[in-house]
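Enquirer: Sequence first, then the predicted structure:
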Amino acid sequence: MTNLAIAANGLRKSYRGKNGDKVVLDGIDLAVPEGTIFSLLGPNGAGKTTTVQILSTLIPADGGTVQVAGHDLARKPDDVRGAIGVTGQYSAVDKLLTGEENLLLMADLRHLSRRDGRRRAAELLERFDLVEAAGKPASTYSGGMQRRLDLAMTLVGDPRLIFLDEPTTGLDPRSRRSMWQVVRELVADGVTIFLTTQYLEEADQLADRVAMLDHGTLIAQGTPEELKRLIPGGHVSLRFADQHHVDSALRALGTGFLDGDALTLQIPSDGSVGSLRRMLARLDDHSIDVEELSVHTPDLDDVFLTLTGDPKDAVR
Ligand SMILES: Nc1ncnc2c1ncn2[C@@H]1O[C@H](COP(=O)(O)OP(=O)(O)OP(=O)(O)O)[C@@H](O)[C@H]1O
Ligand SMILES: [Mg+2]
């Protein structure tokens, strides 16, 4: 059995408001295996930051049981704190200090010796491509540099479980990709990542498992591929050498639509291995050669919009 870095059951949180309690998390269950990337997806106000704040001991839950890094969150918050790192949605960088000073301050907070602190800071500046900027105040850094420094500060304590709350919001495509690369390297080293994002593409790129949060409940959970199979719209494109093959394939499969060049058929499919195998076996039975095959699965945006109701509502 794989160990879980995070196991939450029935997590609840409400805020008291003028018009009664506002339920932010309405009993959510999470299971994050060690050494994987888990992504919590949801629109503004869905409860992503609240979840991160609870799991990282910053605010208490109203109900539910949670184990983080093997420790009970309610009974052993200090042990949890010692095992995790958090990069919040809003930067923890002190803009008046230089990049290096920010890192050394962090090393101090983590009780590293002066020597170890300096060594760790130098390593991280190198790794995050901040050597040249190290001596300049962080206020002069670009958004991407500040985000990298923020994550570098989280890594000073060498945590095995890291919470990243919307790490790439507001970054340009290049900075986003370099952030993704860093996340992938961390996981390759065995670190567990709990990442929130509003970008479905980001979850698709990075996450082993995804949970979609909407109005305080998880509306779907699974691998990106599993989630995409939840909704219709997927198809397989088959290209044939000539018209004769196209006609034979249509007869053999009993379904399909002509696409573009008239030698390509679109077959509705969930894209699963089983259904592909059956389709190819049937073509084989009729000795119909396929020149080219591609699978088109819906993306996570389609899944989210379908599961949260009328797609028109989402853009309004
Ligand atoms: N301290 C608080 N007091 C009252 N309500 C709060 C508090 N913190 C958060 N909320 C409410 O809880 C809900 C969820 O907020 P949260 O910040 O967790 O959402 P989020 O998914 O992180 O959104 P975003 O994508 O905008 O960061 C929102 O409706 C928010 O207004
Ligand atoms: Mg948030």
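Expert: Received the coordinates, thanks. Ligands and ions are numbered 1, 2, ... in the order given.

Enquirer: use CA for all of it now, contacts and neighbours both
Expert: Noted.

Enquirer: Am I right that Arg251 falls within a strand?
Expert: No: secondary structure assignment (DSSP: H, G, I helix; E, B strand; the rest coil) places Arg251 in helix, not in a strand.

Enquirer: Give me the distance between it and Ile37.
Expert: According to CA to CA, to the nearest Å, Arg251 stands 44 Å off from Ile37.

Enquirer: More neighbours: these two, which one.
Expert: Taking neighbours as other CA atoms under 10 Å, Arg251 and Ile37 compare with Ile37 leading, 25 against 13.

Enquirer: How are the strands of the protein distributed by residue range?
Expert: Secondary structure of the chain, counting by DSSP state E: strands at 4-17, 20-33, 37-41, 63-68, 71-72, 84-87, 161-165, 192-197, 209-214, 217-222, 235-239, 257-259, 264-268, 292-296.

Enquirer: could you give the angle of the third one to strand 4-17?
Expert: In terms of direction (axes from the mean of the first three to the mean of the last three CA atoms, to 10 degrees), strand 37-41 departs from strand 4-17 by 20 degrees.

Enquirer: re earlier: the strands of the chain: lowest mean pLDDT?
Expert: Lowest mean pLDDT of the strands of the chain: strand 257-259, a mean of 81.

Enquirer: related to what we said a few turns ago, same list (the strands of the chain) but as JSON lines, adding distance to Arg119.
Expert: Listed next are these as JSON lines, based on distance: least, CA to CA, whole Å:
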{"stretch": "strand 4-17", "distance to Arg119": "28"}
{"stretch": "strand 20-33", "distance to Arg119": "31"}
{"stretch": "strand 37-41", "distance to Arg119": "28"}
{"stretch": "strand 63-68", "distance to Arg119": "29"}
{"stretch": "strand 71-72", "distance to Arg119": "30"}
{"stretch": "strand 84-87", "distance to Arg119": "19"}
{"stretch": "strand 161-165", "distance to Arg119": "21"}
{"stretch": "strand 192-197", "distance to Arg119": "24"}
{"stretch": "strand 209-214", "distance to Arg119": "35"}
{"stretch": "strand 217-222", "distance to Arg119": "40"}
{"stretch": "strand 235-239", "distance to Arg119": "53"}
{"stretch": "strand 257-259", "distance to Arg119": "60"}
{"stretch": "strand 264-268", "distance to Arg119": "57"}
{"stretch": "strand 292-296", "distance to Arg119": "48"}
